[in-house]
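Peer 1: task: produce atomic coordinates for the following.
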Amino acid sequence: MKKLTGRLVQNSFVFLLFVMISVPASAQRGTDPTVWNEAMERFAREDRINPPPTGAIVLTGSSSIARWNDQAMKALAPLTVVPRGFGGSVMNDVLYHLDAVALKYQPRAILIYEGDNDTAYGLPEEHVVGAFKQIVAKVHEALPQTRIYVMAVKPSTLRVDVWESAQRVNAGYKEVAKNDPLVYYIDSATPFLKADGSVMTDIFIEDGLHLNEMGNLIWGSIIRAALMSQEARYE
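Peer 2: Okay, the predicted model is just below:
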């Protein structure tokens, strides 16, 4: 009996350990912004080697921006941009690291793409939009003239099950922009939908989430069109 009890305790411990190890890093990232401290340190090292200009446009957000970091400067030329996407992040991560990822560059504009992971992790829509409102307030306080561009959560074949939640987040972003002359809402959702409202299937890589070459061309054209009309005059 003692052997059986000991074996059950041991098995329970092993199972618990397995569960703890198996928790996806993405889930942890949804609740702990300090997991991005290393990414912020990497950005700081890059800044020491090649200091970005002040008065530029900071691009930040999750993987759809981060995977585009290397393409952004060429795609958005002649606009001066500072790509600072960190993949896997959520809106609260941008809020937590706002000084390091955006404010320290004293940008004239900040573009944010978040909400994709937030909705996938099951974070409440009001939590996501609330974090964005706090970002807006912090930017207004530190840089009263800086414009903020918030991109709609894009649809994807991987995350069809949370698309309704993403649409509610997008509606929240749009409402913030409607009531603030320095906040601009970018519709980065509609261009990825078919006429019947379903998501395009030929714009993603194998994971069904991240954009392939054609998807990136659409993505870049959305961002360029949104920024150029307002920001070109300041170059």
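Peer 1: for the host helix or strand of residue 112, name the packing helices and strands.
Peer 2: Per DSSP states H and E: residue 112 is located in strand 109-113. Strand 109-113 sits against strand 57-61, helix 63-66, helix 125-142, strand 147-151, helix 213-231, with contacts defined as 3 or more C-beta pairs under 8 Å, 6 or more residues apart in numbering; DSSP states H and E. C-betas here are computed from N, CA, C, even on glycine.
Peer 1: run through who's touching stretch 190-207.
Peer 2: Contact with stretch 190-207 is made by 154-158, 160, 163, 210-212, 214-215, 218, 222, as judged by C-beta atoms under 8 Å, 6 or more residues apart in numbering.
Peer 1: then stretch 224-231?
Peer 2: Identification of contacts with stretch 224-231 by C-beta under 8 Å, 6+ apart yields 57, 75-76, 79, 108-109, 111, 147, 149, 184, 186.
Peer 1: and it, what's its mean pLDDT?
Peer 2: The predicted model assigns stretch 224-231 a mean pLDDT of 96.
Peer 1: may I see the buried residues of it?
Peer 2: 226-227, 231 (16 or more other C-beta atoms under 10 Å).
Peer 1: what's the answer for stretch 204-218, then?
Peer 2: Of all the residues in stretch 204-218, those buried under the rule 16+ other C-beta under 10 Å are 204, 209-211, 215-216, 218.
Peer 1: just the buried residues from the contacts of stretch 224-231, in PyMOL please.
Peer 2: Per 16+ other C-beta under 10 Å, the buried members of the contacts of stretch 224-231 correspond to this PyMOL selection:
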select buried, resi 57+75+76+79+108+109+111+147+149+184+186
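Peer 1: out of the contacts of stretch 224-231, the closest to residue 173 would be?
Peer 2: If you rank the contacts of stretch 224-231 by distance to residue 173 using C-beta to C-beta, residue 186 comes first, at 8.9 Å.
Peer 1: just the helices from the protein, written as ranges.
Peer 2: Secondary structure of the chain (DSSP state H): helices located at 2-22, 25-29, 37-49, 63-66, 69-76, 91-96, 98-101, 116-120, 125-142, 163-178, 213-231.
Peer 1: TSV for those, including distance to residue 200?
Peer 2: As requested, the helices of the chain are exported to TSV (distance: least, C-beta to C-beta, whole Å):
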stretch	distance to residue 200
helix 2-22	33
helix 25-29	24
helix 37-49	30
helix 63-66	15
helix 69-76	20
helix 91-96	25
helix 98-101	30
helix 116-120	16
helix 125-142	24
helix 163-178	13
helix 213-231	8
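Peer 1: ok so, going back, residue 86: which of the contacts of stretch 224-231 is nearest?
Peer 2: Among the contacts of stretch 224-231, and counting by C-beta to C-beta, the member closest to residue 86 is residue 111, at 14.0 Å.
Peer 1: tell me the pLDDT at residue 120?
Peer 2: We note a pLDDT of 94 for residue 120 in this prediction.
Peer 1: repeat that for residue 25.
Peer 2: 46.
Peer 1: same thing with residue 71?
Peer 2: So, for residue 71, pLDDT stands at 87.
Peer 1: please apply the same query to the one 3 residues further on.
Peer 2: With respect to pLDDT, residue 74 scores 92.
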